[in-house]
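Enquirer: predicted model follows, preceded by the sequence.
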Amino acid sequence: MLSRVADTIYWLNRYIERADNVARFVDVNLNLMLDLTQVTGQQWEPLILTTGDLQLFSQRYGEASSDNVIQFLTFDSNYPNSIVSCVQRARENARSIREIISSEMWEEVNAFYRMVTEASNDHPQGTLPHFFTQVKRSSHRFAGVMDATMTHNEGWHFGQMGRLQERADKTARILDVKYFYLLPSLEWVGTPLDQIQWIALLKSASAYEMYRKCQRRITPSNVAEFLVFNREFPRSIHFCLLQLQRSLHEITGTPLGTWHNKPERALGSLCAQLGYTTIEDVIKIGLHEFLDQIQIRVNEVGEKIGETFFT
Amino acid sequence: MTVHFDNYNPEQFYDELYESVGQPRPHAASLINWMQNLSLERLQQHLDTAQIALFNLGVTFRVYHDNQGVDRIFPFDIIPRIIDAQEWLKLETGLRQRIKSLNLFLADIYDQQLIIKDGKIPQEIINSAQGFLKPCLGIKPPESIWCHITGTDLVRDHQGQWYVLEDNLRVPSGISYVLENRRVMKSTFPDIFKTMAVKPVDDYPSHLLETLLNLAPSYLPNPTVVVLSPGIYNSAYFEHSFLALQMGVELVEGRDLVVCDGYLQMKTTKGLQRVDVVYRRVDDDFLDPQVFRSDSLLGVPGLMDVYAQGKVALANAPGTGIADDKVIYAYVPEMIRYYLGEEPILANVPTYLCWQEKERDYVLENLDKLVVKAANEAGGYGMLVGIKSTQEQREDFANRIKSNPRNYIAQPTLNLSRVPTLINGQIEGRHVDLRPYILHRGDEIYVHPGGLTRVALTKGSLVVNSSQGGGSKDTWVLKL
């Protein structure tokens, strides 16, 4: 298929997934702050940190507050990673490959776009939680419709790769930020406040209920293990990368376990590392350092996919 | 008073469906009888359903200079325009004759220019035409065909006389509306199609694909055909995507293509792949920045070179735009006589050429009665409709004509024919034109039955362009 088309469908899925993730962690933070105001004051800056765009934010808005962080991440059409911008870009992408995707997918993206722009025009402070739910649902609906209506061909696999790449990256970022920045100081570790924050973290990855089913007690290392290494939970980093690898090898026809091009090699060695590392190893090097390294390598995989297929 | 079919008045205009009040034309009688039995409310409901169907299908276009930059639906009317079989036969023959001689003209003008040497068209008119592309001189397209796809604009005056208004040999659009309008009509009024023998239109993509495949060298068992679009911001993007989908070929943009190893190739996830035939919906000027506009990002550097060597076919051939120049249009009847030795079957609208002093003087004295057009504009831009103009507009055009007479022509105001149209729940007459689509391949010239009927929805308006508030109707050509 055309490189541009592959690129477009890959990013279509990344943008939808990105909007979904932004909605997730803004929503969870809104909830969390309702519980924490008396104890720690408002903590909104960490949300900006997860996006990696703190500098841009400070230039535009200065000090972080709930209003301006939500505005920036949700409705700011000049910020390319806000929900509004992501959905708008997803729609532009979908529009330029309408002859490739199914009409049902196009209708979903269109409906998503209408919902978000209408909400953006109304600025409904009180109905924000409802809005975030809608965003998450729209994203799920899009993924489901794509799965059920589009042939699982090369294009579909490029779309999958976009979604999984984005999801792996965001899970790593959310975990990293919580661990590194969210706690006000060391003395809070192990307190009820700490519990609430780890629960919030799990919820922002829609992982709370599934975590409880297999781990019960909430401890930092168990949460990290679940979100990094679990092979069955669909938002864990390892799960995303294994699925990503499957799609990549479906496209190239290279047998799993071997490699013929750069992304296959980079992804193969990353998956192998995740497959043979334990959480104890991670604690030894430090979770932040480990996650940082994972993020860099996930990005490298993305770059190599781009070099190999899209240019 | 509500106006339904029984008290609809065609007034002093030629009406496509009515002879006079209460008297439908014979070929329209069964449709009118059938629609008369529906209440106006029911008709309006059908119209609304049809509009929603078109919106959901994404049948949209973009208007330039529109700050909104949003897609609009091309408004649709559910009362079709009907052409009887005999009438159509005559149009078909006339269109074949016209396209044949226009193609001979293009082949001649980019080669020996015999028509100039024989004194039928002045050299300076050709040389000063914007669409005349020197880089195309000496190029020999496959089978000597230049205009593979044409969308001729036809109109009728108050007596029902047909005229060719424009030839549109560059990149005519609108065929997607023809196909989608028919689809919607068939689902809205299935019953009437059972009683009237209407020629089907759904096979256009097959004919188009055949025309394009015909351009590839015969030794290629599986030639690669693509549709080249300027991209999603183009007003006709929907159509580009629609045609690619219907033909099952790749829709590409300039940035997907590259000239490599002497061939045109497209960038795929599996490396470069050779392209053999391009149905290009990009204007001549933008095709190749090395030859034409150097600032163009829509084309492919080096494309013209590959094309000149015959290693890729382009439809339509670059350079066809010269025949869309409205001054050169005036010479088409002469071309038919010169190349075919025949009298034109379809008439031109009488045209005054401002570069000729006598005709210019006449135009300047009669600006309030004439329609003045710039030689190279399309889409209803750059024109003056005399009877609707203000003193100020007329002065503006008088100055434009005096400073650049070559670039202006004028024509009498034609009272275009009308078709009953559903306007706010009433039946009212509205002016229409007709754009049939003609495919030229090998020795065969195929005229697609019907075409796009555009309708000026504003009361009294004679401008049917989609960019100027026009809509469309389904066009029914009856079987013999």
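Expert: In hand now; what should we look at?

Enquirer: every contact and neighbour count from this point should use C-alpha atoms.
Expert: Will do.

Enquirer: so how far is residue B:254 from the residue of the stretch 201-350 of chain B found nearest chain A?
Expert: In the stretch 201-350 of chain B, the residue that lies nearest chain A is residue B:268 (4.0 Å; CA to the nearest CA). Applying CA to CA, to the nearest Å, the value for residue B:268 to residue B:254 is 13 Å.

Enquirer: next one: residue B:351
Expert: 38 Å.

Enquirer: residue B:472 too?
Expert: Counting by CA to CA - residue B:472 and residue B:254 are separated by 31 Å.

Enquirer: ditto for residue A:206
Expert: 43 Å.

Enquirer: got the contact list for residue B:409?
Expert: Residue B:409 makes contacts with B:326-327, B:351-354, B:372-375, as judged by CA atoms under 8 Å, 6 or more residues apart in numbering or on different chains.

Enquirer: flag the shaky bits of the chain, pLDDT-wise.
Expert: Assuming you mean chain A. Residue ranges of chain A with pLDDT under 70: A:36-42, A:123-126, A:180-191, A:193.

Enquirer: ah, I was thinking of chain B
Expert: Using pLDDT under 70, chain B drops low at B:1, B:58-72, B:378-380, B:467.

Enquirer: around chain A, which positions in it sit nearby?
Expert: Counting by CA under 8 Å from any CA of the partner chain, chain B comes close to chain A at B:231-232, B:241-242, B:244-245, B:251, B:256, B:266-270.

Enquirer: of these, just the buried ones, ChimeraX syntax please.
Expert: This is how ChimeraX selects the buried members of the residues of chain B next to chain A, with burial counted by 16 or more other CA atoms under 10 Å in any protein chain shown:
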select /B:231,232,241,242,244,245,251,256,266,267,268,269
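
Enquirer: for the residues of chain B next to chain A, could you give me TSV that also reports secondary structure?
Expert: Rendered in TSV, the data for the residues of chain B next to chain A read as follows (DSSP: H, G, I helix; E, B strand; the rest coil):
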residue	secondary structure
B:231	coil
B:232	coil
B:241	helix
B:242	helix
B:244	helix
B:245	helix
B:251	strand
B:256	helix
B:266	strand
B:267	strand
B:268	strand
B:269	coil
B:270	coil
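
Enquirer: would you map out the domains in the chain?
Expert: The chain I'm using is chain A. A:1-150, A:151-310 (the TED database).

Enquirer: switch to chain B, please.
Expert: B:215-315, B:350-412.

Enquirer: now the residues of chain B next to chain A in a markdown table, with distance to residue A:135?
Expert: Output for the residues of chain B next to chain A, formatted as a markdown table (distance: CA to CA, whole Å):
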| residue | distance to residue A:135 |
| --- | --- |
| B:231 | 28 |
| B:232 | 25 |
| B:241 | 29 |
| B:242 | 30 |
| B:244 | 33 |
| B:245 | 31 |
| B:251 | 31 |
| B:256 | 33 |
| B:266 | 37 |
| B:267 | 35 |
| B:268 | 33 |
| B:269 | 32 |
| B:270 | 35 |
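
Enquirer: just the buried positions in stretch A:304-311, please.
Expert: A:304-306, A:309-310.

Enquirer: looking at those, which are in helices?
Expert: Members of those lying in helices (criterion: DSSP state H): A:304-305.

Enquirer: number of residues surrounding the residue in chain A that chain B sits nearest to?
Expert: When scored by CA to the nearest CA, chain A has residue A:2 as its residue closest to chain B, at 4.0 Å. Using other CA atoms under 10 Å in any protein chain shown, residue A:2 has 24 neighbouring residues.

Enquirer: which strand residues bridge it?
Expert: Counting by DSSP bridges, residue A:2 is bridged to residue B:268.

Enquirer: who's in contact with it?
Expert: Residues near residue A:2 by CA under 8 Å, 6+ apart: B:256, B:266-269.

Enquirer: same deal with residue B:372?
Expert: Residue B:372 neighbours (CA under 8 Å, 6+ apart): B:383-386, B:408-411.

Enquirer: could you dump those to CSV with secondary structure?
Expert: Below are those laid out as CSV (three-state DSSP):
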residue, secondary structure
B:383, strand
B:384, strand
B:385, strand
B:386, helix
B:408, strand
B:409, strand
B:410, strand
B:411, strand
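
Enquirer: can you pull out the strands in the stretch 251-400 of chain B?
Expert: B:257-260, B:263-268, B:271-274, B:277-280, B:313-315, B:347-348, B:352-353, B:370-374, B:383-385 (DSSP state E, counting those that start in this stretch).

Enquirer: quick revisit: which one's more surrounded, residue B:351 and residue B:254?
Expert: residue B:254 (21 against 18).

Enquirer: surely the more buried one and residue B:300 touch.
Expert: Yes: the criterion here is CA atoms under 8 Å, and residue B:254 meets it with residue B:300 at 5.5 Å.
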